Structures are given as C-alpha cells and as structure tokens.
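Q: Output the structure for:
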Amino acid sequence: MPNSNYNRGRAREYQVMHGLRSEGWVCSRSAMSHGPVDIFAAKRGRVLLIQVKSGSSRVNRQELEMLRSFAVAFNADAQVWFFPKKGKVKKVTVSKKATNKFNPPNTHTVSQPFEKMSFTVVE
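A: Numbering: from 1, shown residues only. Got it, this is the predicted structure:
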C-alpha cells in the first residue's frame, strides 16, 4: 500500500500533467517506476521529460545522470520540477536539445555541467 509521500508525489505528477494538457501537450505518467522520468510529454515534435519533486525531496546524482541519458536517447529536453512546501514551482532544465530554441516561461536553464550543480545528493 502506498504511503503518504507517494500520494503527495502522485498528486503533484497529476497536477503537472493537467497543466501540460491544458497547454496542448500529450503526456503520460510513469507510475511507480522509481525511475528518472515521472512525466513524458510531447507537443509539435518537441519531447519533454520531467522528474517531479515535492517538499524537501531532492534529485540524487544517479537520477540526474539517468535523466540526462534518457534525454539524449529520446532527443528530448529534460527538466526537474521542484514543488516547495510553500511558493511556486521551480523548473530547472538539466538537459536541452541543441537544436531547440524554445525555452518555456518560468524555466531556468542550467548552464553549468551537472557534475557541478548544487543539488542535494540523497544517498
């Protein structure tokens, strides 16, 4: 039986999908995968892979590396969407398709290599 952290995370994933669908994206959730991609989304030839984190949850180094490798394999953009306990969602682009000129509003593109990013590593 899923715990309350799982339920909160799932609720955030559904919130993300609802928002994306309202903007014309086709998306799917990777339920209970414990993998690097929570949401797969596509729109007009663009593919977006999203890892959703809520509360104090953070991306560990292995998840980040796998998310970037998925982005390369799918020729996609990859983002981590952080939902703090209070405040607005923070969208961090961790891998961007070289030919893609589109940068969604309220998105921060990380320019430094992921090895030097200041994410909290969870062991």
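Q: Lys43 touches Arg21, doesn't it?
A: No. Lys43 is beyond contact range of Arg21, at 10.0 Å (criterion: CB atoms under 8 Å). Placement of C-beta: from N, CA and C, glycine included.
Q: so how far is the longest strand along the chain off the chain centroid?
A: The longest strand of the chain (DSSP state E) is strand 46-54. Mean-position distance between strand 46-54 and its chain equals 2 Å (CA atoms, centre = their mean, to the nearest Å).
Q: Quick one: the strands in the chain, in order.
A: With strands called from DSSP E, the chain shows them at 26-29, 39-43, 46-54, 77-83, 90-95, 107-109.
Q: Bridged to Arg46, which residues?
A: Residues in a beta bridge with Arg46, per DSSP bridges, are Lys43.
Q: Neighbours of it, how many?
A: Residues lying near Arg46 (other CB atoms under 10 Å) number 15.
Q: next one: the one 4 residues further on
A: Using other CB under 10 Å, Ile50 is surrounded by 23 other residues.
Q: Quick one: residues contacting it.
A: Counting by CB atoms under 8 Å, 6 or more residues apart in numbering, Ile50 touches 16, 37-39, 41, 78-81.
Q: okay, the strands of the chain, which one's buried deepest?
A: Per residue and on average, the most neighbours among the strands of the chain fall to strand 77-83, with a mean of 23 (mean count of other CB atoms under 10 Å).
Q: which residues touch that one?
A: For strand 77-83, the surrounding residues in contact (CB under 8 Å, 6+ apart) are 12, 16, 37, 46-55, 59, 64, 67-68, 70-71, 89-97, 100, 107.
Q: Sheet-wise, list the partners of it with their directions.
A: If you go by DSSP bridges, strand 77-83 pairs up with strand 46-54 (parallel), strand 90-95 (antiparallel).
Q: what is the rounded mean pLDDT of the longest one?
A: Yep, that's strand 46-54 we're talking about. Strand 46-54 carries an average pLDDT of 94.
Q: quick one: low-confidence parts of the chain?
A: 1-2, 32-33, 98-123 (pLDDT under 70).
Q: what's the longest helix in it?
A: helix 4-22 (DSSP state H).
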